[in-house]
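>>> Dropping a prediction and its sequence here:
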Amino acid sequence: MSKKDDFMDEIINKEGMSRRDALKFMGVSPIAAAAIAGAGSSSLTKAEASDAQGKIVIVGGGAGGIMAMAKLRSALTNPDITIIAPNETHIYQPGQVFMAAGEYTYEDIVKQNSDFIPDDVTWIKDAVQTFDPDNNKVILRSGDEVVYDYLVVATGLQYHYDWIDGLSEDLIGKHGISSVYLNDVEKGTADGGSITWEWFNKLRDAAKSSKPKVIYTQPNTPIKCGGAPQKMLYLSADYLKEAGVESELVFATSGGKLFGAVPAVDKELNEVVQPRYGNITNKFAHNLVAIDAENKKATFEHKYTIKGEYDEDIEEYEIITKVDRVEMDYDFIHITPPMAAVDTVANSPLAWQQGSAKGWLEVNKETLQHRRYSNVFGIGDICGIPIGKTGGSARHHAPIMAANLIAQMEGKKPKELFDGYTVCPLKTQYGKIILAEFNYKGAAPSFPLAVEEPRWMWWAFDLYMLKPMYWHLMMRGLM
Ligand SMILES: Cc1cc2nc3c(=O)[nH]c(=O)nc-3n(C[C@H](O)[C@H](O)[C@H](O)COP(=O)(O)OP(=O)(O)OC[C@H]3O[C@@H](n4cnc5c(N)ncnc54)[C@H](O)[C@@H]3O)c2cc1C
């Protein structure tokens, strides 16, 4: 069977796409062709097969850790790899958004890490408690020490629902509160998906007899999948529109724009996507700081600037930043939690010690090599680099990080450079996605198509193909 047949089989039999849609998709989609063509190639920037020796320890067995392991293992002739990963279960986290939309269930997005970690890799099912890079070792929760020659940090990030006064994880799913993000990557739970699908339905039912006010928040910290707050906004808006019910939707974001990274996408969202619903109000520069769950009140810090005194010397008005507290009532609220580097990294010498990236892993934004410990590299969300906390970024990190780590093992200078690539499959309604790909320089579409155009093709790609590609290709280092 050809790779194309394999994929047809996978998306029809396992992903539930109809044969007609699969044929249509394969026929029209340049990405399908590219995905299949790319399926056999080992990487984007192929790490040359190398005889380099040394003990590599990877910390974290999520998207980045498993991809790093697979790439290094295939690129080294005699790999000596240890992975420290407490999680037996592996969640395909982007699938939580499709769970929230009622398209996937938990069973669709979960597999065992033993499917991906081969026997010749030492798997320590524990977590790192302390990083000690000055002595090339980590200390586990069990108290055991693991020494290394080279370290790859792939711990991802952690949520901070607790930074919102009055909120705790156990309130999610109660009092009209939801959050698609809710999961525990160590335990392998993904409750945010199922809770938010219930929330969509409660919202629709409430809207049959009233006009509920719904708030969607986005915090002032870096977040993984920066598009997810708006994905929830548009998918639920579309769900209510289809049901023919009325509601009042407020998008309250700490940011100043809907999609600052790509102006064309920002324009499309403002001028086409949001007007399609007609019931969305944006509240920019609003950061959720407190919640009164019982009384359904949310408090935001609203930051803005005003003109101060005229300064004769510099011939300009002084700009004064003001912060007001703004309280809003709601019937339902979807909360995106503040996020930060996991504590074990944030409290270690490996973290940026100051500046806006404080706490995140201090790597060079292009080589992904630690800026102070040359035998340490990073992959995935933990990296303290300007953009890209997505699985799509981690996929691009993997071959670059692997090639650079091997160069370091060989005593050469790391020379592969990450361009900042990230991707946001922004669901603007059921059946339509804007595939916003961008990097440090701006829009970076992989295909010669208008980046801002919502397309069914991307919806079909995301819903039916990306998940099998994640499990069968990315987790095995094949793309
Ligand atoms: C709702 C949602 C929607 C998303 N949508 C998209 C999307 O559409 N497209 C996209 O590309 N990405 C999306 N993402 C983001 C994507 O899932 C992450 O960017 C990706 O998983 C990052 O990989 P990672 O390895 O850095 O972190 P993770 O995959 O989170 O893995 C980190 C691992 O490290 C482990 N760990 C943590 N601390 C330690 C320790 N001290 N010792 C050992 N192990 C440790 C954790 O248990 C975990 O298994 C989404 C995420 C969510 C939650």
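Arrived safely. Numbers count the residues shown, from 1 in each chain.

>>> Now do the same contact list for the residue of the stretch 151-300 of the chain found nearest the ligand.
Distance from the ligand to each residue of the stretch 151-300 of the chain (Cβ to the nearest ligand atom) is smallest for residue 156, at 2.8 Å. Yep, even glycine has a C-beta here, placed from its N, CA and C like the rest. For residue 156, the contacting residues are 60, 62, 64, 185, 224, 342, 380, 381, 382, by Cβ atoms under 8 Å, 6 or more residues apart in numbering.

>>> Kindly provide the distance from the last one to residue 189.
For residue 382, the distance to residue 189 equals 21 Å [Cβ to Cβ, to the nearest Å].

>>> For residue 126, give me its contacts.
84, 86, 140, 141, 142, 144.

>>> Swap in 10 Å and give it another go.
Contacts for residue 126 (Cβ atoms under 10 Å, 6 or more residues apart in numbering) come out as 84, 85, 86, 138, 140, 141, 142, 143, 144, 146.

>>> Need the three-state assignment for it.
With DSSP: H, G, I helix; E, B strand; the rest coil as the basis, residue 126 sits in coil.

>>> Mind pulling up the pLDDT for it?
On the pLDDT scale, residue 126 is placed at 98.

>>> Then residue 449?
89.

>>> How many residues are close by it?
14 (other Cβ atoms under 10 Å).

>>> Comparing residue 382 and residue 189, which residue is more hemmed in?
residue 382 (29 against 16).

>>> Now do the contacts for the more buried one.
59-60, 62, 64, 153-158, 341-342, 344-346, 350-351, 359-361, 363, 389.

>>> Show me the residues you listed that map onto strands.
59, 153, 157, 158, 341 (DSSP state E).

>>> helices or strands up against the helix ranked longest in the chain?
Looking across the chain with DSSP state H, the single longest helix is helix 391-409. Contact partners of helix 391-409 among helices and strands, from 3 or more Cβ pairs under 10 Å, 6 or more residues apart in numbering; DSSP states H and E: strand 55-59, helix 63-75, strand 150-153, strand 376-378, strand 422-429, strand 432-439, helix 466-472.

>>> So which of these is nearest residue 219?
Among the helices and strands packed on helix 391-409, the nearest to residue 219 by Cβ to Cβ is strand 422-429 (16.8 Å).

>>> touching the ligand at all, the closest one?
Yes. Applying Cβ under 6 Å from any ligand atom, one finds strand 422-429 touching the ligand at 423, 425.

>>> got the residues of the protein near the ligand?
59-65, 84-87, 93-94, 96-97, 127-128, 154-156, 180-181, 185-186, 224-225, 228, 342, 344, 380-382, 389-392, 394, 423, 425.

>>> rewinding a little: which one of the ones in strands among the contacts of residue 382 sits in the busiest neighbourhood?
Comparing those on neighbour count, residue 153 comes out first with 33 neighbours (neighbours: other Cβ under 10 Å).

>>> Okay, and the beta partners of it?
For residue 153, the beta-bridge partners under DSSP bridges are residue 59, residue 378.

>>> Run a quick check on it versus residue 379, I expect a contact.
Yes. Counting by Cβ atoms under 10 Å, residue 379 is a contact partner of residue 153 at 7.5 Å.

>>> who touches both of these two?
In contact with both residue 153 and residue 379: 58, 60, 64, 65, 68, 361, 363, 368, using Cβ under 10 Å, 6+ apart.

>>> Return the member of the residues you listed nearest to residue 237.
Closest approach between the shared contacts of residue 153 and residue 379 and residue 237, by Cβ to Cβ: residue 64, at 32.4 Å.

>>> how much space between that closest one and residue 121?
The value you get for residue 64 to residue 121, if Cβ to Cβ is used, is 15 Å.

>>> Likewise for residue 350?
Distance from residue 350 to residue 121, by Cβ to Cβ: 23 Å.

>>> cool, residue 475 as well?
Relative to residue 121, and taking Cβ to Cβ, residue 475 is found at 13 Å.

>>> which residue lies farthest from the center of the chain?
Among residues of the chain, the one most distant from the C-alpha centroid is residue 312; the distance is 47.5 Å, by Cα atoms, centre = their mean.
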